[in-house]
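Asker: Pasting a predicted model and its sequence here:
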Amino acid sequence: MRISIIGAGYVGLVTAACFSELGHEVHLVEIDREKAGAIDRGIAPFHEPGLEALLKKHLLRNLEITCEYQEIAGSECTFICVGTPSSPDGSADLCFIRSAAHSIGDALKGEGDPHTVVVKSTVPPGTTRTVVAPAVMEAFGRQDGLITFAMNPEFLREGRAVEDFFHPDRIVIGYSEDIACRKVAALYDGIDAPIVTSGLEAAEMIKYASNAFLAAKISFSNEIGNICKRLGIDVYEVMRGVGLDTRISPQFLNAGAGFGGSCFPKDVSALIHLAESIGEEPRILKSVMEVNEHQAFRMITMLESRIGDLCGKQVAVLGLAFKDNTDDVRDSRAIPVISALVDRGAVVRAFDPLANTAMARIFPGINYYGSAEEALTGADACLVMTEWPEFAQLEDEFDRMKSRVIIEGRRILTCKEKEGICW
Ligand SMILES: NC(=O)c1ccc[n+]([C@@H]2O[C@H](COP(=O)([O-])OP(=O)(O)OC[C@H]3O[C@@H](n4cnc5c(N)ncnc54)[C@H](O)[C@@H]3O)[C@@H](O)[C@H]2O)c1
C-alpha cells in the first residue's frame, strides 16, 4: 500500500521504517528540515537498535522522507505521529495534531480517491472525532465521504522499538467506518498479533489506560519497596514472588527511582486533567504521580544522610537517559536529581553511554565524562540513575572515588558496598 506518515520522531520514523520493511511504499513528512536531511542520509536522529539498518535498506527504494505535505497525495492512508506534549496545566497539548490535520486536509484537496487518516499519536478520548476530523475536513473543503478516520495507538518501547513493531502484544484499531478498519488491518498483514477493534474513543482510552496502569505498577512497587527498606526486606525478593502470580505478571515491578520518559508522566498527567475536567476525582492516578515525584528526592535525602551537606561535594551521576538502550532524556529521573544536587551546591560529574549530549542541552553547566571511571574519579558519592547493563561490570572503577558511597536508583550494580534506594 502507498502510505504517508507525519512526524519523524521515535514513533513516526520507526513506524515508517518498519512499514517499509513490510513492503509498503512510505512517504514520511517531517517539518524539521535538519532532521529530515539527516534521515535522508540514512542517519537516525536518535539511538534505536536496528533502525539505521532499515533506513539504509529502504531509502531510495520504498521509503522517502520529505518536508512537503503535497507528497501525501496519491497515498491511501496517512498516519499522524506528531508529539502530544504536556501543557503547563498537565493537559495534552494538541497544537501539533491540529496543525498536522489541517495540512493533511489541505494536501488532499484535489484528490478524488478514498483516503484514511489514522491517528497514532497518544491523544485524549474524543480527539480523533472532534479535533482531527473537523480540522482535516475544513481544510479539505468537501464532505463527500472520501476521507475516513481511524485511531491506531502505539505501544512501542524506546530501545526496543523495531522489535516491538514486529512482535506487538496486540494491534488496536479504533474506527467508525468499516473501510478505515480494513485498510489499517491490511497494513499489518504478516504480523502475528491479535487485532483489537473498538470505537475511536475506546482506542484512544486503551492507550491512556495501559500507560496509567503500568505507571501505577511502578509506583506501587516503589511504595512497597520504601516499606520493605524500613523493615530490612529486599523488595526484589518480594516482587519476584509476587510477579510469578499470572494475574500480576513480573513486568514493571522494579522498585527504584521512579518512571520517566516521554510517555508515562505526560500521559498520566493528561488523564488526571481529563478526569478533573469532567468532574471525576482520579485518586489513584494522583497518588501514582505523587509517589513517583517523591522517589527521586529519596535519592537526595539518602545521599545527605550519608555524606551530610552537599555544598561543594563531588557527586557522580551514572545514567542520564530515562532508561537503558536510548539517548532520550525526556522526563528522565536524573533531571530532578541533578537539579536538586545543583541547588544544594554539589559539583555534578555525569556520565551516560549515549545521553551526555542530550542532557547537556538541559544542564550545560555540569561536568560530563566519557566513561564511568572518569566520572567516579575523586567523587564523594555516586548515584546510579539508569539501568545500563554495562554498569553491572563496574567494580574497580569505584575504588577511584574519594569515599565509597554508592546509592542505586536502579538495581543494576553487582559491586560490593552499595545501597539501593528502596532495597
Ligand atoms: N516515544 C515513545 O516511546 C512513544 C510510544 C508510544 C506512543 N508515543 C506517542 O506518539 C507520539 C509521538 O511521540 P514521539 O516520541 O515520536 O514524538 P517526537 O517529538 O519524538 O516526534 C514528533 C515529530 O513530529 C514532528 N512534527 C511536529 N509537527 C509536525 C507537523 N505538523 N508536520 C510534520 N512533522 C511534525 C516533529 O518535528 C518531530 O520530529 C506522542 O503522542 C507520544 O505520546 C510515543
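Answerer: Yes, it's here.
Asker: Which strand or helix spans the one residue in the stretch 301-423 of the chain that gets nearest to the ligand?
Answerer: Nearest to the ligand, among the residues of the stretch 301-423 of the chain, is Asp328, at 7.3 Å (Cβ to the nearest ligand atom). For every residue, glycine as well, the C-beta is placed using N, CA and C. Counting by DSSP states H and E, no helix or strand carries Asp328.
Asker: Isn't it up against Leu354?
Answerer: No. Between Asp328 and Leu354 there is no contact under Cβ atoms under 8 Å: 9.0 Å.
Asker: Now for the two: what residues contact both?
Answerer: Here Asp328 and Leu354 have Ala321 as joint contacts, going by Cβ atoms under 8 Å, 6 or more residues apart in numbering.
Asker: Looking at these two, which is more packed in?
Answerer: Per other Cβ atoms under 10 Å, whichever of Asp328 and Leu354 has more neighbours is Asp328, with 22 against 19.
Asker: State the number of residues packed around the closest residue to Asp89 other than its chain neighbours.
Answerer: Of all residues not flanking Asp89 in the chain, His273 sits nearest, at 6.4 Å (Cβ to Cβ, 6 or more residues apart in numbering). If you count neighbours by other Cβ under 10 Å, His273 ends up with 18.
Asker: List the contacts of Asp309.
Answerer: So Asp309 contacts Arg344 (Cβ under 8 Å, 6+ apart).
Asker: likewise Pro364?
Answerer: With Cβ under 8 Å, 6+ apart, Pro364 has no contacts at all.
Asker: which residues does the closest residue to Ala38 other than its chain neighbours contact?
Answerer: In space, and not counting its chain neighbours, Ala38 is closest to Pro45: 5.7 Å by Cβ to Cβ, 6+ apart. Listed by Cβ under 8 Å, 6+ apart, the contact set of Pro45 reads Ala8, Leu13, Lys35, Ala38, Ile39.
Asker: Give me the domain ranges for this protein.
Answerer: 2-198, 294-420 (automatic domain parsing).
Asker: Go through stretch 235-255 and flag the buried ones.
Answerer: Going by neighbour count (16 or more other Cβ atoms under 10 Å), the buried part of stretch 235-255 is Val235, Tyr236, Val238, Met239, Val242, Gly243, Phe252, Leu253, Asn254, Ala255.
Asker: who's in contact with the third one?
Answerer: What that stands for is Val238. Val238 is in contact with Ile224, Cys228, counting by Cβ under 8 Å, 6+ apart.
Asker: Count the residues that sit near the closest residue to the ligand within the stretch 1-150 of the chain.
Answerer: In the stretch 1-150 of the chain, the residue that lies nearest the ligand is Gly9 (1.7 Å; Cβ to the nearest ligand atom). Residues near Gly9, counting by other Cβ under 10 Å, number 19.
Asker: Pretty sure it sits against Cys81.
Answerer: Yes. Counting by Cβ under 8 Å, Gly9 touches Cys81, with 6.6 Å between them.
Asker: Which residues of this structure lie near the ligand?
Answerer: 6-12, 29-32, 35, 81-84, 96, 99-100, 103, 121-122, 154, 156, 158, 262-263 (Cβ under 6 Å from any ligand atom).
Asker: Report the buried members of these.
Answerer: Neighbour-count burial (16+ other Cβ under 10 Å) applied to the residues of the chain next to the ligand gives 6-12, 29-31, 35, 81-84, 96, 100, 103, 121-122, 154, 156, 158, 262-263.
Asker: May I see the buried residues of stretch 33-50?
Answerer: Neighbour-count burial for stretch 33-50 [16+ other Cβ under 10 Å]: Lys35, Ala36, Ala38, Ile39, Asp40, Ala44, Pro45, Phe46, His47, Glu48, Gly50.
Asker: would Phe149 count as being in a helix?
Answerer: No. Applying DSSP: H, G, I helix; E, B strand; the rest coil, one finds Phe149 to be strand, outside a helix.
Asker: That one: what's it in contact with?
Answerer: Per Cβ under 8 Å, 6+ apart, neighbours of Phe149: 116-119, 128-129, 132-133, 136, 175-177, 180, 200.
Asker: same deal with Gly159?
Answerer: Per Cβ under 8 Å, 6+ apart, neighbours of Gly159: His47, Glu48, Pro49, Lys323, Asp324, Asn325, Thr326.
Asker: let's go with 6 Å and repeat that
Answerer: Asn325, Thr326 (Cβ atoms under 6 Å, 6 or more residues apart in numbering).
Asker: Equivalent analysis for His115, please.
Answerer: Leu108, Ile147.
Asker: With the one 4 residues further on instead?
Answerer: Applying Cβ under 6 Å, 6+ apart, we find Val119 in contact with Ile80, Thr128, Val132, Met151.
Asker: With Ser176 instead?
Answerer: By Cβ under 6 Å, 6+ apart, Ser176 lies in contact with Leu200.
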